[in-house]
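A.B. asks: Got a predicted model here, sequence first, then my questions.
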There are 2 protein chains.
Amino acid sequence: MTLTDGRRPGDRAVAADHVSLRRNNLSVVLRHVRESGPKSRARIAADTGLNKATVSSLVAELVERGLLREGPADSTRALGRPGQLVELDGSGVCGIGAEINVDYIAVSALDLAGDTVIERRDPLDVAHLDPSTTLDKVSDLVREAVTAVQERAGQLAGVTLAVPGLVQGDTGDLKLAPNLGWGEVQVIQEMRSRLGEPSYPLHVDNEANLAALAAYSELRKNTPVQDLVLLTGAVGVGGGMVSNGHLLRGGRGYSGEVGHMPVAPPGRTCGCGRTGCWETVVGLSALLHKATDRDDPVRDPSLDVEQRLAGITRRAEAGDARTLTALKEVGTWLGIGGAILVNILNPDVLVLGGYFAVLGPWLKEPLEKAIRDRVIAPDGGGCQVVRSDLGFAAAVRGGAQISLEQVLVDPTVIGRVDSGVAQ
Amino acid sequence: MTLTDGRRPGDRAVAADHVSLRRNNLSVVLRHVRESGPKSRARIAADTGLNKATVSSLVAELVERGLLREGPADSTRALGRPGQLVELDGSGVCGIGAEINVDYIAVSALDLAGDTVIERRDPLDVAHLDPSTTLDKVSDLVREAVTAVQERAGQLAGVTLAVPGLVQGDTGDLKLAPNLGWGEVQVIQEMRSRLGEPSYPLHVDNEANLAALAAYSELRKNTPVQDLVLLTGAVGVGGGMVSNGHLLRGGRGYSGEVGHMPVAPPGRTCGCGRTGCWETVVGLSALLHKATDRDDPVRDPSLDVEQRLAGITRRAEAGDARTLTALKEVGTWLGIGGAILVNILNPDVLVLGGYFAVLGPWLKEPLEKAIRDRVIAPDGGGCQVVRSDLGFAAAVRGGAQISLEQVLVDPTVIGRVDSGVAQ
């Protein structure tokens, strides 16, 4: 699996010298072992087209940097001296993802091998708190994760914070998060000062972008998917899009605002102040509005969102007519907007995230029908609808992964074990 | 300007050896001179980070291959021996683009320097001819362009044919072109057999994709735009999308079917058989339907489309109420769909192509208003609306450019002048 965060200039040729050539080849070998598992040096040479002596030297350097390690003997080898496999180490290198959303904050730390060091989500009624209080609380979560990484004697590659709003690509400033009730906030600066001006890189990104990267990474374990659209279903609805293995960010970083496609009839007012936005008919509030009364506990943002959705699920399973009608209506609207996205982007996979994943068993049928009916390419252009397994952890996982990405692009950012500093 | 056709695997690292390193650096130097004009060897070294001896050797090889040539003395140099500039040659290397559209066929041949060798468009009522006849006629046009290239003693890099329909990415087969009335056609095979199984590469691509590449190339002459959406306005409406310098193709090559976004109220039946498609309210037929009577000569597909549009323009300039009302209505609908695209993709530029460009003076205002009103990012996410200068030649120009792209990626596909074959 190759995460590409879309920030780099793509496949435009860049002049290369022998230092960048070696760095590139270190990256190729590290990614190859990370993506396809333990390998002999001979196998790596065959798979990558590099010669064996070069591979041996590259592997030696990656072992010194704590990114690969010697694995078991190669049992697939029938003749001659048994070869030695090398496998991903990476337990000493971690990335952290954190998230602020409408009714929770969360954090996750992953090591390079994808193992979870810590993961936590706390319900929080962010829309009714001032930004400063929320930033204090999410800083506490990040600090806790940093401590967990340090206790494991790990190097921290960086921290990426997910927010449900417009993040300016070049500065990382939040311009607008309607469902949080936040306007412009210099989130990086606010976080850095709360975290004591830390030495690790700290980035801010849109939560749907990060969730899309996490979903891409999950899917790539089993299938060579290159193009996907992920829909984050929460109070707001966001889209994260990966095309040909690249995250689509748009000119200023504001892509994926699918929740505000003007496709619904003028009706309820959207968090953005307009009417007719897609999220007014498919967001969690729309569902709750249709399926429940005002004082229903599943509307209570101080309860964990998964608990609340479990309540809806129980009613749907019990055949409650009001719940089923609401789900069908939301599913139909989901299909109308979904068909637009599939006509425009022709993804291999449309991934249902957040609450769409939880309630997917009832939403999927009308959605798939709309794609068959309304997408011009035969068979919906081959688009499969799948439910994300990552639930509400998708954005923090994506944040942790993107924090680790720099190590995959340039393994020399991690110091050699013998010296402890990057060489 | 760097065209990237989106077919390549993007910025994923590929193992490199010294042969690929040199090929890459040849490409870097060739693109740099092509994009930014005549340069001294010292300047190229400074701009690319390559050392001077390497640049001299690379330039020598590119000169041998007929891609660069010695230019005038460097007049910017104040001190010391005057340096020699090298400039793009490329007059001996040509690409051809051809197009089949609803009411015309066209061809263009460009050399590597961007100069036009031949360009032609013939009105043809393709929707009322059988595919075989149309393919005969477009093959005649391609043959004529090949002859023009040969008469100039040029090497032909390839031919790319634009069609207004779904082109399967891996095979180049046309799956469906509703407005031509074509179903599945193996266009490459049909063309190759008509052209006598030629030795040059022949590709088929969606016309909006190629028009987007041509527009990208035009815009990049003046501004470092990386993200654009181009709308082709003809009988059908297509979208071509460039994100971070990459053409977006989707998983199977079916992206950009914006004409079939279900945003219009159920009304006129679309060429695809559905109702509610965007092109039923913004396509050329929609405008003609609203602005003219059935027997109006501007509806006659046997006349050149630019002539017909000149008729509409004259009426609008004269203040004809029916024409102006129709244009305003189309412009408003253009804005509704345009705002969806801008919310999803956050382009730097929305380029109006085809008839939208011709009638842009009347369409632009309601379109820009919708973007301001309906796009959630402040100031429409910075999106500018511009009219393409390329008119109905955009797709053939893009086809010629993409045919040349292989030479820019790997200049060694062009033989050295001394031997005449690739080395």
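C.D. replies: Perfect, I can see it now.
A.B. asks: Report the residue ranges of every domain in chain A.
C.D. replies: A:18-88, A:93-210+A:395-413, A:223-392 (automatic domain parsing).
A.B. asks: And the longest one, how far out from the chain middle?
C.D. replies: Spelled out, that is domain A:223-392. Per C-alpha atoms, centre = their mean, to the nearest Å, the displacement of domain A:223-392 from the mean C-alpha position of its chain is 17 Å.
A.B. asks: ok so, going back, make a markdown table from the domains of chain A and add mean neighbour count, distance to residue B:46 and mean pLDDT to it.
C.D. replies: The way it works is simple: take the backbone N, C-alpha and C, and place the C-beta from them, glycine included. Below are the domains of chain A laid out as a markdown table (neighbours: other C-beta atoms under 10 Å in any protein chain shown; distance: least, C-beta to C-beta, whole Å; pLDDT from 0 to 100):
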| stretch | mean neighbour count | distance to residue B:46 | mean pLDDT |
| --- | --- | --- | --- |
| domain A:18-88 | 17 | 17 | 86 |
| domain A:93-210+A:395-413 | 21 | 24 | 94 |
| domain A:223-392 | 21 | 29 | 94 |
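A.B. asks: would JSON lines of those with distance to chain B be doable?
C.D. replies: Below are the domains of chain A laid out as JSON lines (distance: least, C-beta to the nearest C-beta, whole Å):
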{"stretch": "domain A:18-88", "distance to chain B": "4"}
{"stretch": "domain A:93-210+A:395-413", "distance to chain B": "5"}
{"stretch": "domain A:223-392", "distance to chain B": "2"}
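A.B. asks: Turn those domains into CSV, columns for distance to residue B:140.
C.D. replies: Formatted as CSV, the domains of chain A follow (distance: least, C-beta to C-beta, whole Å):
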stretch, distance to residue B:140
domain A:18-88, 44
domain A:93-210+A:395-413, 48
domain A:223-392, 31
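A.B. asks: And those domains: which comes nearest residue B:108?
C.D. replies: domain A:223-392 (26.9 Å; C-beta to C-beta).
A.B. asks: That closest one spans what distance, first to last residue?
C.D. replies: 23 Å (C-alpha to C-alpha, to the nearest Å).
A.B. asks: Stretch A:343-354 now?
C.D. replies: 23 Å.
A.B. asks: cool, stretch A:274-283 as well?
C.D. replies: End to end - C-alpha to C-alpha - stretch A:274-283 spans 15 Å.
A.B. asks: so residue A:248 touches residue B:250, yeah?
C.D. replies: No. Assessed by C-beta atoms under 8 Å, residue A:248 is found out of contact with residue B:250, at 11.5 Å.
A.B. asks: For the helix or strand harbouring residue A:43, C-alpha coordinates in CSV please.
C.D. replies: Under the criterion of DSSP states H and E, residue A:43 resides in helix A:41-48. Only the C-alpha atoms of helix A:41-48 are listed here, as CSV (Å, rounded to 0.1, in the frame of the first residue of the first chain):
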residue,chain,number,x,y,z
ARG,A,41,17.1,-10.1,-0.6
ALA,A,42,17.1,-12.1,-3.8
ARG,A,43,13.3,-11.7,-4.1
ILE,A,44,13.4,-8.0,-3.4
ALA,A,45,16.0,-7.7,-6.2
ALA,A,46,13.8,-9.6,-8.6
ASP,A,47,10.7,-7.7,-7.7
THR,A,48,12.2,-4.2,-7.9
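A.B. asks: Which residue ranges of chain A form helices?
C.D. replies: A:18-36, A:41-48, A:52-64, A:131-151, A:187-194, A:207-219, A:279-282, A:284-291, A:305-317, A:321-345, A:354-358, A:360-374, A:394-409 (DSSP state H).
A.B. asks: about what we covered before: mind checking which of the domains of chain A is nearest residue B:65?
C.D. replies: Nearest to residue B:65, of the domains of chain A and by C-beta to C-beta, is domain A:18-88 at 23.3 Å.
A.B. asks: how distant is the closest one from the center of its chain?
C.D. replies: 28 Å.
A.B. asks: Next, the distance between the ends of that domain.
C.D. replies: 25 Å.
A.B. asks: again with stretch A:86-99
C.D. replies: Termini of stretch A:86-99 sit 35 Å apart (C-alpha to C-alpha).
A.B. asks: what about that stretch, distance to the chain center?
C.D. replies: With C-alpha atoms, centre = their mean, you get 15 Å for stretch A:86-99.
A.B. asks: about what we covered before: so which of the domains of chain A gets nearest residue B:198?
C.D. replies: domain A:223-392 (29.3 Å).
A.B. asks: still on that earlier bit, now for the helix holding residue A:43, which elements pack on it?
C.D. replies: helix A:18-36, helix A:52-64, strand A:84-88 (3 or more C-beta pairs under 8 Å, 6 or more residues apart in numbering or on different chains; DSSP states H and E).
A.B. asks: Out of those, which is closest to residue B:389?
C.D. replies: helix A:18-36 (38.4 Å).
A.B. asks: Contacts for stretch A:135-146, please.
C.D. replies: A:96, A:98-100, A:105-109, A:117-118, A:120, A:122, A:124, A:156, A:159, A:161, A:187, A:190-191, A:194-195, A:198, A:200 (C-beta atoms under 8 Å, 6 or more residues apart in numbering or on different chains).
A.B. asks: do that again at 10 Å, thanks
C.D. replies: By C-beta atoms under 10 Å, 6 or more residues apart in numbering or on different chains, the residues outside stretch A:135-146 that reach it are A:94, A:96-100, A:105-109, A:117-122, A:124, A:126, A:129-130, A:154, A:156, A:159, A:161, A:163, A:185, A:187, A:190-196, A:198, A:200, A:202, A:396, A:400.
A.B. asks: Which ones among these lie within strands?
C.D. replies: A:94, A:96-100, A:105-109, A:117-122, A:156, A:159, A:161, A:163, A:202 (DSSP state E).
A.B. asks: Please tell me how far residue A:296 sits from residue A:268.
C.D. replies: 18 Å (C-beta to C-beta, to the nearest Å).
A.B. asks: Tell me which residues touch the residue nearest to residue A:370 when sequence neighbours are not counted, please.
C.D. replies: With C-beta to C-beta, 6 or more residues apart in numbering or on different chains as the criterion, residue A:370 has its nearest non-adjacent residue at 2.5 Å, and that residue is residue A:335. Residue A:335 is in contact with A:282, A:342, A:363-374, A:385, B:262, counting by C-beta under 10 Å, 6+ apart.
A.B. asks: Now do the helix holding residue A:43 and strand A:84-88, the angle between them.
C.D. replies: Here helix A:41-48 points in a direction 60 degrees away from that of strand A:84-88 (axes from the mean of the first three to the mean of the last three C-alpha atoms, to 10 degrees).
A.B. asks: for the contacts of residue A:335, which one is nearest residue A:312?
C.D. replies: Nearest to residue A:312 among the contacts of residue A:335, with distances taken as C-beta to C-beta, is residue A:363, at 11.4 Å.
A.B. asks: May I have the residues that are in contact with that closest one?
C.D. replies: A:233, A:282, A:287, A:327-328, A:330-335, A:338, A:352, A:355-357, A:385, A:387.
A.B. asks: before we move on, what about residue A:239?
C.D. replies: Here residue A:239 is in contact with A:206, A:208-209, A:211-212, A:229-232, A:248, A:255-259, A:261, A:278, A:337, A:341, A:345, A:350, A:353, B:343-344 (C-beta under 10 Å, 6+ apart).
A.B. asks: The nearest residue to residue A:65 once chain neighbours are set aside and chain B: what is the separation?
C.D. replies: Distance criterion C-beta to C-beta, 6+ apart; nearest residue to residue A:65, sequence neighbours excluded, is residue A:414 at 4.8 Å. Residue A:414 is 16 Å from chain B, where distance means C-beta to the nearest C-beta, to the nearest Å.
A.B. asks: I am finished for the moment; much appreciated.
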